[in-house]
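[1] Sequence and predicted structure, then a few things I'm wondering about:
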Amino acid sequence: MSDEYDDDGLDDEAEPEMTPRGPGTEVEAVLRRLHEMINAARPMPLSTSVMVNRDDLLDVLDEAIDRLPDELRAARWLLKARDEYLAKMHREGDEILEIARAQAERMVQRTEVVKVSEARARQIMESASDEASRLKNECEDYCDQKLGSFEIVLQRTMKMVAAGRTKLQGSLATGEAPAIGPRHDDPNVAVFDQDSG
């Protein structure tokens, strides 16, 4: 190796001055101070080695070590906080998925209930329609029977009226007094009874 390189393998003259990157952690500040101490150390004649004060260097390293656990604790705390946050997000995600599954299941059940209800409603409507048709037919049969009975009574009445008029005309021609009202002892004369049938 030539004299222009020091232990870190960099050219002393070509190395730019360290520009501060703003306030960092305490450990970073101590490490930068250590870097500056080594960078500012005088090179030994005819050697690539530099001369540093051992006590100063060890003091700076001890200070970095003393401050390092705080930084590590902070890093561990950040990692723990991140893990807790991720676990919380996973739990919330699982809860959201569970709620979505439950809601989807309820919607499917509602759809099934609606389908069953519609099928039941169709069944009830068909049954009601069948019952209405049956009742209509029974009503028509009943009315037909009653109208038939009434028709028979009317026909008998018409016969009685015709017979009565004929008698009346015959008695007027012969000069006899007409009979008032029908004779109940005559089996050929119908009685006005709608329920007899």
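    That came through, no problem.
[2] and Arg110, how many neighbours?
    If you count neighbours by other Cβ atoms under 10 Å, Arg110 ends up with 10. The C-beta positions use only the backbone N, C-alpha and C, and glycine is treated the same way.
[3] what does the one 3 residues further on give?
    The burial count assigned to Val113 is 10, neighbours taken as other Cβ under 10 Å.
[4] pLDDT value on it, please?
    Val113 carries a pLDDT value of 81.
[5] Okay, and it sits in which element?
    helix 54-174 (DSSP states H and E).
[6] list the helices and strands that helix packs on?
    helix 26-40 (3 or more Cβ pairs under 8 Å, 6 or more residues apart in numbering; DSSP states H and E).
[7] By mean pLDDT, flag the weakest helix or strand of the chain.
    None of the helices or strands of the chain scores lower by mean pLDDT, DSSP states H and E than strand 50-51, at a mean of 80.
[8] in its sheet, what does that one sit against?
    Strand 50-51 has its sheet partners listed here by DSSP bridges as strand 42-43 (antiparallel).
[9] just how off-centre is the strand it pairs with within its chain?
    From the chain centre to the centre of strand 42-43 is a distance of 77 Å (Cα atoms, centre = their mean, to the nearest Å).
[10] Show me the residue at the heart of this protein, geometrically.
    With distances taken as Cα atoms, centre = their mean, Gln103 lies nearest the centre of the chain, 4.1 Å away.
[11] What are the neighbouring residues in contact with that one?
    Not one residue lies near Gln103 by Cβ atoms under 8 Å, 6 or more residues apart in numbering.
[12] Could you measure from it over to Arg110?
    Separation of Gln103 from Arg110 (Cβ to Cβ, to the nearest Å): 10 Å.
[13] All set now, cheers.
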